Structures are given as C-alpha cells and as structure tokens.
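Colleague: here you go, sequence then predicted model.
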Amino acid sequence: MLSQKIADNLKRSSWIRAMFEEGEKLRAIHGSDKVFDFTLGNPDTEPPDSIKNTFKKLVLDDVPGIHRYMNNAGFDDVREAVAEQLQRESGVSLAAGNIVMTCGAAGGLNVVLKTILDPDDEVIVLAPYFVEYLFYIDNHGGKPVIVNTSLENFQPDPRELDAHISPRTKAIIINSPNNPTGVVYREEVLQSMASVLEAKEKKYGRAIYVLSDEPYNKLVYDGARLPQVLKIFKNSFVINSFSKSLSLPGERIGFIAANPAMEDCSRLMDGLVFSNRILGFVNAPSMIQKVVAGSLNEAAPVDQYRKKRDILFEHLVKLGFSCIKPEGAFYLFPKALIPDDVEFARIAQKYNLLLVPGQGFGWPGYFRLAYCVSLQTIENSLPAFEALAKEFSRNS
Ligand code: PLP
C-alpha cells in the first residue's frame, strides 16, 4: 500500500504530466501530426554531433575503468573542465573541488537540499515556479514558502522577499532564465535581493543559501545578459545541467558548483558528496560525464529556438493574447482568455492544442507553452490558436 504522503502527492503531482496524458488520448484518436502538444520541456532537437562522436569513440575505444565506481563527486578531470568553464563565464575562481557532477539539475537540487536542510527549515520559492521544487523541498523535510514575482514583468520583488524571510529561512531557489515565464532576472534586481539576504543573515545569525537552478542558462535571446549569481550572492550554489543546452535530458547529467566564498565551503562540499552517495545516485553516470566534458564549448541551438519563439509569440499577440516576450528558455506564459486557466486548457483541447494551466506553476489565470517542439508543429498549430481565440471573441 502506498504511503499516505505519496498517495496525496500523486493526486496533485503535475499538471504537465496530466496534460501530456490527455495528449496521448488525443493522439490515439486524431494521429500525432494533428495534435499540437506544447506540454513538455523535452527538446525535440538532437544533441550536437560532437556529443554523438565522443560517445561512439568512448564505446569503441573500450577505455579501461570507464564503467567503474568513482569518487562520488565525479571524475576529477571532468570536474576540473567544468570548473574552468564556469570560471571563464562567471569570473569567479573555481577548482574541481567546488564541483559535484550530478544526475541532472533535478538530482543536483535534491543533493543541495539534502545537505543543508534541517526539519522544518523554510525554503523560499518564487512564483510562478517549476512545481517539482515543492516536492524536492518536502523530500528533505523542508517547508516551501511561496513569494510572488511582479505581476507586471515576473521579476522578483526584493520587498516581497524581505517580508517573507523568517528565522527559519534556510534557502531560496531562483531560476533564470525562468520556467515557466522565460524571463531573465535582471542584475539590479538580484543585487537588491542580495542586500535583503545579507541584512537578514546578520539579523538571524545564519546563512541563507541561494540555489540558482540554471538549466536554461545557454538559451538566451536578443543579447540579454545573464547575471553571474556566484558573483552576486556569497552563499550560493549554481545547479545546472546539459538537459536543455545540449538536448540530453534522458542522459541525466548536470553539476553543482559551490561558491568558494562561502565560509564553510569545504564542509559543505563534503556534505554534497555524501548526499549524492546516500540519495542513491552514488555518482553521475560515468560515460556521459566524459562526453559532456568534451563538448562544454558547444553552442546551444539558440537560433532555432528564437525562430520558434518569434513565430508563436507574434501570432499570439496578433490574436490578442497578453504575453511577456521571453528573453530565455523555451517557454511562453500568456494570460488565459478567461480567468479559469484549467477550463481554458480544456477548451483548447477541442482544437487539439495541449497547454499547461498556470495553476500547475502556482499562477492561475495563465498557461504555459513549451515551444521546444518541431517548427512544423508550431506552424501547423497557428490556425488552431486562431480558432481558440475566435471562440472567446465570439463569447465576449
Ligand atoms: N529546473 C527547471 C526549472 C526545469 O525546467 C527542469 C526540467 O524541465 C529541471 C530543473 C530539471 O532538469 P534536469 O533534466 O537537468 O534534471
């Protein structure tokens, strides 16, 4: 029999999955080319050739020891390569000893939370949010505290943050470029948040860690600059993966970088490595560690995503949808044409359009479109969006 907690969580687990399953039903009826599924952040692009070539080479070369257990933090040469790359990007001095290779960003977030949380510690989550954060926090005995971003532009609001920090606040999770909004957090906003956190750390006499979840950091458009979290927040961890930038989500590979400026960085590193072990990950999968280390400078398919964003965004705006033009990731987060976003998503299904209600991200009244689908799907879906919008203009 299921535990009560898992049984309860299953009921409210994920709108994304629920909509995907609705899609399976529609696909069985209409055929997959007639169903426009914008539910999953699962890139339809293939990984770059360099990834495939290194994979083949590693298999054919039969490198001795490559399939064995290793240091729970990952291969030293891979950690060193990741540290060098991140040092170049961030301007912060990093070494292999600051890096733990993980099973994706999801694994990395769980490892950090396991390492820092005591029972009932609070973790601030900015809404709209990636819903898995709530489950990850709960996995390790923490309590999520939801803080809304600005209704106008989805940027965090430092005053709201200030108002929600308590003596039990242990961490805040930030995610930029953001899922679901595509918004890139501005440097001055993050600087103000850093001032708020510093003042509260002094007041309560304990660190408040910033967990910067950055799987979309290579998907940035229109010259937007991504602020370097390691420079802005002293007590910070960057959690990243190659799921989105190199289209490798099934391979489960990512990393944690611990800010060397943290007072007890080396103890925290020991904790991260131990947590990676006892959560049962043991170490990140070995072959793919070596593979990504050889492709760290590989560019993400930014131009393809920009084109898809532009087509969909411009079409939606023309149809009267209100939507912020995203500067990153591969999501659009428009306002639904009626206040009830769940009902809106149900009506969209009449046109074989699958979208995720904003409620799934703690933000009712909106919906998310993941445009990491084929260009053909986007182009073929445009009349369906038009028909959907017309249905509401008829009713108003
Ligand atoms: N964080 C965010 C914001 C995501 O959108 C996702 C996946 O969609 C993840 C983390 C998990 O990514 P990974 O595949 O690297 O575990």
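Modeller: Here it is on my side, so go on. For clarity, every value in this text was computed on a predicted model and none was experimentally measured.
Colleague: how far away from the center of its chain is the helix or strand encompassing residue 195?
Modeller: Element membership of residue 195, judged by DSSP states H and E, is helix 187-204. With CA atoms, centre = their mean, to the nearest Å as the basis, the distance from the averaged C-alpha position of helix 187-204 to the chain average is 23 Å.
Colleague: which strands or helices does that helix pack on?
Modeller: Where contact means 3 or more CB pairs under 8 Å, 6 or more residues apart in numbering; DSSP states H and E, helix 187-204 is packed against helix 158-164, strand 169-174, helix 229-232. (Glycine included, C-beta is placed from N, CA and C.)
Colleague: let's have the ones you listed in a markdown table, adding mean pLDDT.
Modeller: Formatted as a markdown table, those follow (pLDDT from 0 to 100):
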| stretch | mean pLDDT |
| --- | --- |
| helix 158-164 | 98 |
| strand 169-174 | 98 |
| helix 229-232 | 98 |
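Colleague: wait, which of the ones you listed is closest to residue 352?
Modeller: When those are ranked by distance to residue 352, counting by CB to CB, first place goes to strand 169-174 at 34.5 Å.
Colleague: report the angle between that closest one and helix 187-204.
Modeller: On the basis of axes from the mean of the first three to the mean of the last three CA atoms, to 10 degrees, strand 169-174 is oriented at 170 degrees to helix 187-204.
Colleague: now for strand 169-174, which elements pack on it?
Modeller: The criterion is 3+ CB pairs under 8 Å, 6+ apart, and the helices and strands that strand 169-174 contacts are helix 104-116, strand 122-127, helix 187-204, strand 209-213.
Colleague: the ligand is nearest to which of these?
Modeller: With CB to the nearest ligand atom as the measure, helix 104-116 is the member of those nearest the ligand (2.7 Å).
Colleague: with only the CA atoms kept, save that closest one in CSV.
Modeller: The C-alpha coordinates for helix 104-116 follow below in CSV (Å, rounded to 0.1, in the frame of the first residue of the first chain):
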residue,chain,number,x,y,z
GLY,A,104,20.8,16.4,-13.9
ALA,A,105,19.7,19.6,-12.3
ALA,A,106,16.9,17.7,-10.5
GLY,A,107,19.5,15.4,-8.9
GLY,A,108,21.6,18.5,-8.0
LEU,A,109,18.8,20.3,-6.4
ASN,A,110,18.0,17.3,-4.2
VAL,A,111,21.6,16.9,-3.2
VAL,A,112,21.9,20.5,-2.1
LEU,A,113,18.6,20.5,-0.2
LYS,A,114,19.5,17.2,1.5
THR,A,115,22.8,18.7,2.5
ILE,A,116,21.5,22.0,4.0
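Colleague: and for the helix or strand bottoming out on mean pLDDT in the chain, what's in contact with it?
Modeller: Among the helices and strands of the chain, helix 15-30 carries the lowest confidence by mean pLDDT, DSSP states H and E, at a mean of 78. By CB atoms under 8 Å, 6 or more residues apart in numbering, the surrounding residues in contact with helix 15-30 are 35, 37, 39-40, 131, 345, 349, 352, 354-357, 359-360.
Colleague: and after it, which helix or strand comes next?
Modeller: Toward the C-terminus, helix 15-30 is succeeded by strand 36-37 as the next helix or strand (DSSP H and E).
Colleague: now the element after that next one, going C-ward?
Modeller: Using DSSP H and E, the helix or strand that follows strand 36-37 in sequence is helix 49-61.
Colleague: so which elements touch that next one?
Modeller: Counting by 3+ CB pairs under 8 Å, 6+ apart, helix 49-61 packs on helix 286-293.
Colleague: please point out which parts of the following helix or strand past the helix it packs on sit buried.
Modeller: In the C-terminal direction, the helix or strand that comes right after helix 286-293 (DSSP H and E) is helix 302-318. Neighbour counts over helix 302-318 (16 or more other CB atoms under 10 Å) mark 304, 305, 308, 309, 311, 312, 313, 315, 316 as buried.
Colleague: next, the nearest residue in space to the second one that is not next to it in sequence: phi, psi?
Modeller: Excluding its sequence neighbours, the residue lying closest to residue 305 (CB to CB, 6 or more residues apart in numbering) is residue 330, at 5.2 Å. Dihedral angles of residue 330 (phi, psi; degrees, to the nearest 10) stand at phi -130, psi 50.
Colleague: now swap in the one 10 residues further on and tell me
Modeller: Backbone torsions for residue 340, taken as degrees, to the nearest 10, come to phi -90, psi 100.
Colleague: list the contacts for the nearest residue to residue 254 once chain neighbours are set aside?
Modeller: The shortest distance from residue 254 to any residue other than its chain neighbours is 3.0 Å, reached at residue 241 (CB to CB, 6+ apart). Neighbour list for residue 241: 102, 104, 105, 106, 108, 215, 249, 253, 254, 255 [criterion: CB under 8 Å, 6+ apart].
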